[in-house]
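J.: Requesting a structural model of the entry that follows:
(one chain, ligands or ions: 3)
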Amino acid sequence: MKKIILKLIKLQLLVLSALFCSCTYVIDENTLNENLDPINNSVEDIIVPKGFNFETTDQIKLKIKSEDISSPSIFSVYITDDNDKKFFIGKGISDANGQLDYYFNYPKYISKLYIERNLNGEISSKEIHFTSNFAYVTFDESSSNRKLNQDTIKGISDADNDGIDDTLDEFNQHPKKVFNNYFPSSQHFSSIAFEDLYPLKGDYDFNDLIINYQFNLITNASNLVTFIEAKIVFKYLIGTEKTSGFGIELPFHSDSIKSASGSFLTTGKIQLNNKGLESDNDLDKPVIIVFDNSYEMGNENGDLIESDTIYININISDHPIAFSDLNKDIPYNAFIFINKDRSHEVHLPGKKPTQKFNKQLLSLGDDVGDFKTQNGHPWAIHIPHQFTPPQEGIDITNAYSVFGEFVSSEGNNDKDWFIDIDDHKIYSNLIINE
Ligand SMILES: [Ca+2]
Ligand SMILES: [Ca+2]
Ligand SMILES: [Ca+2]
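T.: Residues are numbered from 1 along each chain as shown. Ligands and ions are numbered 1, 2, ... in the order given. Coordinates of the predicted model:
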């Protein structure tokens, strides 16, 4: 109702302007937003449904089956972005009967997928609309003109002898690597945006530290993950006084890890073990520290300081893990730590701290546990998209007009509250660097 009234007011203004202004006067949409959208909102006013953790992603269980033939084939999965363009997510090999279970992490605002089958070089594809986090896809249009003996899985030429022909193997010189599987896609980055006044409530502008990341779970010829790669860039507003570090608690035992690399450390306060993981953590919750000092590695980009890309590599090739076990809940238990104090952790809502967390912080501020205030408000949000942060001191509800509706509906409405459309973004309250 509020929206309709606002639209009516805008319409009236347009009519009045047309009457009283010269014909060349153009109303700027941003000015209208600034003047008319309610800017006395706050995250504080949002009633958060009990147990809701601001989730913007979920895991979809995709069952793909070739009905027309009992033969292994390769399936590729694509999602579409805001503009309906196709973007590659990942690939899997079916079993001998032509069936593949591909469970993957996906942005909840996506409702359309493309699946492509490569059967001995013959390509066919399906478009799927899904309404729940389960989809069943069948291929049944095998044609008689299949190009035989071309691009077969068990190849004519298999340089690394992993059972996948060179033409299908995305790493044809590496026997433990076959396919890339990306989150959120091969060409996109996700974001985690933090408030750094923890354990005190912040101002909910979510621009104190922003992590952009892309994960790649590299699988072998059995659809098991052998390597995890992440590209990470961080940003913060020029003038932010606090230094932050960033780490990720991983969801599998340290014994599965052969080595980890890429940590960018400058404070001398973080100790690594011989695998490249942070020393002295629970063995079943290993931690990789991505960087420990946001202050010394950024370049100016408009109003923001932005880092170079940090490349994290985790080798689990001796103990590969089922793809479906790792392709969920990405970015796992990611957290920042503030003022070079490793124990001063801030996590996404609903997450538990690591063993190194200073539990006394819980009695010193507004966290009632699991990184939520008494009313369920967070210190961090996860966005499966490149996040445009609000201007300094602007509460996120005044920069993203349907954020409140997303939260109070328990994430059922406006799942795409962060995307680049006029109804969602109040541009004049955002840091736009382009
Ligand atoms: Ca090969
Ligand atoms: Ca290979
Ligand atoms: Ca803030």
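
J.: give me the low-pLDDT residue ranges for the stretch 51-200 of the chain?
T.: Applying pLDDT under 70 to the stretch 51-200 of the chain flags residues 82, 142-155.

J.: Excluding sequence neighbours, find me the nearest residue to residue 337.
T.: Distances taken as CB to CB, 6 or more residues apart in numbering place residue 245 nearest to residue 337, at 4.7 Å, with adjacent residues excluded. Glycine gets a C-beta too; all of them are placed from N, C-alpha and C.

J.: Got the phi and psi for the one you found?
T.: Main-chain torsions, residue 245, degrees, to the nearest 10: phi -120, psi 170.

J.: now residue 427
T.: Here is the backbone geometry of residue 427 (degrees, to the nearest 10): phi -60, psi -40.

J.: can you count the residues close to the closest residue to residue 314 other than its chain neighbours?
T.: Computed as CB to CB, 6+ apart, the closest residue to residue 314 that is not its neighbour in sequence is residue 228, at 4.2 Å. By the criterion of other CB atoms under 10 Å, residue 228 has 24 neighbours.

J.: Next: residue 380.
T.: Close neighbours of residue 380, defined as other CB under 10 Å, add up to 25.

J.: again with residue 318
T.: Residue 318 has 12 nearby residues by other CB under 10 Å.

J.: likewise residue 315?
T.: 19.

J.: before we move on, what SS does residue 92 have?
T.: Look at residue 92: counting by DSSP: H, G, I helix; E, B strand; the rest coil, its state is strand.

J.: That one against residue 322, yeah?
T.: No: with contact defined as CB atoms under 8 Å, residue 92 does not count as touching residue 322 (11.4 Å).

J.: shared neighbours of those two, anything?
T.: Counting by CB atoms under 8 Å, 6 or more residues apart in numbering, the common neighbours of residue 92 and residue 322 are residue 223.

J.: more crowded one of these two?
T.: residue 92 (22 against 14).

J.: which residues does the more buried one form a beta bridge with?
T.: Using DSSP bridges, the beta-bridge partners of residue 92 come out as residue 75.

J.: Can you give me the distance of residue 221 to residue 420?
T.: For residue 221, the distance to residue 420 equals 39 Å [CB to CB, to the nearest Å].

J.: and these two? which has more neighbours close in?
T.: Counted by other CB under 10 Å, residue 221 and residue 420 do not tie: residue 221 has more neighbours, with 19 against 14.

J.: and residue 242, how many neighbours does it have?
T.: Neighbours of residue 242 under the rule other CB under 10 Å: 16.

J.: Help me confirm that it is found in a strand?
T.: No: with three-state DSSP as the criterion, residue 242 is located in coil rather than a strand.

J.: got the contact list for it?
T.: Per CB under 8 Å, 6+ apart, neighbours of residue 242: 196, 208, 338, 339.

J.: Phi and psi next, for the residue of the stretch 301-434 of the chain found nearest ligand 2.
T.: Of all residues in the stretch 301-434 of the chain, residue 317 sits closest to ligand 2, at 11.5 Å by CB to the ion. With angles defined as degrees, to the nearest 10, residue 317 sits at phi -70, psi -20.

J.: List the residues that contact residue 233.
T.: Counting by CB under 8 Å, 6+ apart, residue 233 has contacts 189, 211, 212, 213, 306, 307, 308, 309, 310.

J.: Pick the one among the residues you listed closest to residue 54.
T.: Distance to residue 54, by CB to CB, is smallest for residue 211 among the contacts of residue 233, at 15.5 Å.

J.: Just say helix, strand or coil for residue 324.
T.: helix.

J.: Burial check on the spatially closest residue to it that is not a sequence neighbour, number of neighbours?
T.: Spatial nearest neighbour of residue 324, chain neighbours left out: residue 103 (3.7 Å); criterion: CB to CB, 6+ apart. Using other CB under 10 Å, residue 103 is surrounded by 20 other residues.

J.: element containing residue 103, please.
T.: strand 99-107 (DSSP states H and E).

J.: Flag every buried residue along stretch 392-402.
T.: 394, 395, 396, 397, 398, 399, 400, 401, 402 (16 or more other CB atoms under 10 Å).

J.: whoops, stretch 253-262 was the one
T.: Within stretch 253-262, the residues that count as buried by 16+ other CB under 10 Å are 254, 256, 257, 260, 262.

J.: chain center to the longest strand along the chain, what's the gap?
T.: Longest strand of the chain, by residue count under DSSP state E: strand 224-237. Centroid separation for strand 224-237 versus its chain: 10 Å, with CA atoms, centre = their mean, to the nearest Å.

J.: cool, and stretch 126-134?
T.: Computed by CA atoms, centre = their mean, the chain-centroid distance of stretch 126-134 equals 20 Å.

J.: rewinding a little: which ones among the contacts of residue 233 map onto helices?
T.: Secondary structure from DSSP state H places none of these in helices.

J.: Could you identify the buried members of those residues?
T.: 189, 211, 212, 213, 306, 307, 310.

J.: could the residues you listed go into a markdown table alongside distance to residue 41?
T.: Converted to a markdown table, these look like this (distance: CB to CB, whole Å):
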| residue | distance to residue 41 |
| --- | --- |
| 189 | 28 |
| 211 | 26 |
| 212 | 26 |
| 213 | 29 |
| 306 | 29 |
| 307 | 31 |
| 310 | 35 |
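
J.: Now distance to ligand 3 too, for these, in JSON lines please.
T.: Below are the buried ones among the contacts of residue 233 laid out as JSON lines (distance: CB to the ion, whole Å):
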{"residue": "189", "distance to ligand 3": "21"}
{"residue": "211", "distance to ligand 3": "15"}
{"residue": "212", "distance to ligand 3": "18"}
{"residue": "213", "distance to ligand 3": "20"}
{"residue": "306", "distance to ligand 3": "18"}
{"residue": "307", "distance to ligand 3": "19"}
{"residue": "310", "distance to ligand 3": "23"}
